[in-house]
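*Asks:* build me a structure from this.
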Amino acid sequence: MPKAIVVSENGGPEVLIAAEVDISGPGAGSLLVRVAAAGVNYIDTYQRTGAYPVPLPFTPGLEGSGTVEAVGDGVTDFAVGDRVAWTHSIGSYAEQVVIPATWAVPVPDEVDDETAAAVLLQGLTAHYLSASTYPVQEGDTVLVHAAAGGVGLLLVQLAKARGARVIGTVSTPDKERLARDAGADEVIRYDEQDFVARTKELTGGEGVAAVYDGVGATTFDGSLQVLRRRGVLALFGAASGPVPPVDPQRLNAAGSVFLARPTLSDHLATPEETRWRVGELFGAITGGDLRVSVTGRYPLVDARRSHEELEGRLTTGKLLLIP
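*Replies:* Next up, the predicted model:
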């Protein structure tokens, strides 16, 4: 029987238990996939703790890549042996997974399994943030929090490709190096500097066109302060905890600014939109314009350690589980 990580109760990383599971064949409209790599993301920790409720027991993991082993009735776009990747289909922390064919995308020959598993959830997030939530324009200055994180490194590159001047925040010298290697024009070490004061200094007091904030509680107030008039704060995560309720008058006082709380599923609303975003990501990779940094590879049974290191801010780039 294949192995999978099973969460039977909400809690800390210790609730991630490896167990043998019974995987049935794919039902109508589904694929049975042998998992080559599964992405580890912050949303997995939210689901594990119960902050984002998921019926128990469950197997975490919303993205991965692998090879199709069986095809359910009604599936015409995929065949046994095809390489696929997916996102937004839970259960990827496993040796085998059944996924809806509508969530699968074909992987080009030029893209390896690890890159395909690493780029979808975070890469599509970076894409909708920079192309849709606040479409970056040539000459904009934008601020990317956690610029050396999984989303951050991709977002820096995509914003630069759209012509932005990018300011990133990080917490260590190694993370500063990674952010600069990804193309960040300025990097603020928030463990040493006040990012609000430094951002205002770097923009001559004007502020930035957009702040992309996946950190949440500890950065939110400062993010509002560094926006230019009618700027956009895109709050897409809560790595430091959820933001308390906000008085809308604060947006007025900050300069008629906009607050968005986007999520990926609303930006994959149709198959056509999904194909457009995925196509641009894979195209940027094969064209050499987007580098995907996989910095942590863990055996499936070490899922607990991957969560401990992710939540402890001990990682950079993308983490993968390798069944």
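*Asks:* got a list of what residue 190 touches?
*Replies:* 169-171 (C-beta atoms under 8 Å, 6 or more residues apart in numbering). The C-beta positions use only the backbone N, C-alpha and C, and glycine is treated the same way.
*Asks:* all helices of this protein, in order?
*Replies:* Remark: helices assigned in the chain by DSSP state H are 42-49, 113-128, 150-161, 173-181, 195-202, 220-225, 249-253, 271-286, 303-311.
*Asks:* average model confidence for the fourth one?
*Replies:* With pLDDT averaged residue by residue, helix 173-181 scores 94.
*Asks:* just the shortest one next, same as before
*Replies:* Averaged over helix 249-253, pLDDT sits at 97.
*Asks:* coming back round to it: I'd like to know which of the contacts of residue 190 is nearest to residue 54.
*Replies:* Of all the contacts of residue 190, the one with the least separation from residue 54 (C-beta to C-beta) is residue 171, at 29.9 Å.
*Asks:* show me what contacts residue 97?
*Replies:* Residue 97 sits next to 23, 32-33, 35, 59, 61, 64, 66, 89, 91 when contact means C-beta under 8 Å, 6+ apart.
*Asks:* could you rerun that using 7 Å?
*Replies:* Counting by C-beta atoms under 7 Å, 6 or more residues apart in numbering, residue 97 makes contact with 33, 35, 64, 91.
*Asks:* out of those residues, give me the one that has the most neighbours.
*Replies:* Neighbour count (other C-beta atoms under 10 Å) singles out residue 64 as the most crowded of the contacts of residue 97, with 31 neighbours.
*Asks:* center of the chain - which residue?
*Replies:* Residue closest to the average C-alpha location in the chain (C-alpha atoms, centre = their mean): residue 122, at 2.5 Å.
*Asks:* roughly how far apart are that one and residue 146?
*Replies:* Distance, residue 122 to residue 146, using C-beta to C-beta, to the nearest Å: 11 Å.
*Asks:* what is the least confident helix or strand in the chain?
*Replies:* Ranked by mean pLDDT, DSSP states H and E, the weakest helix or strand in the chain is helix 271-286, scoring a mean of 92.
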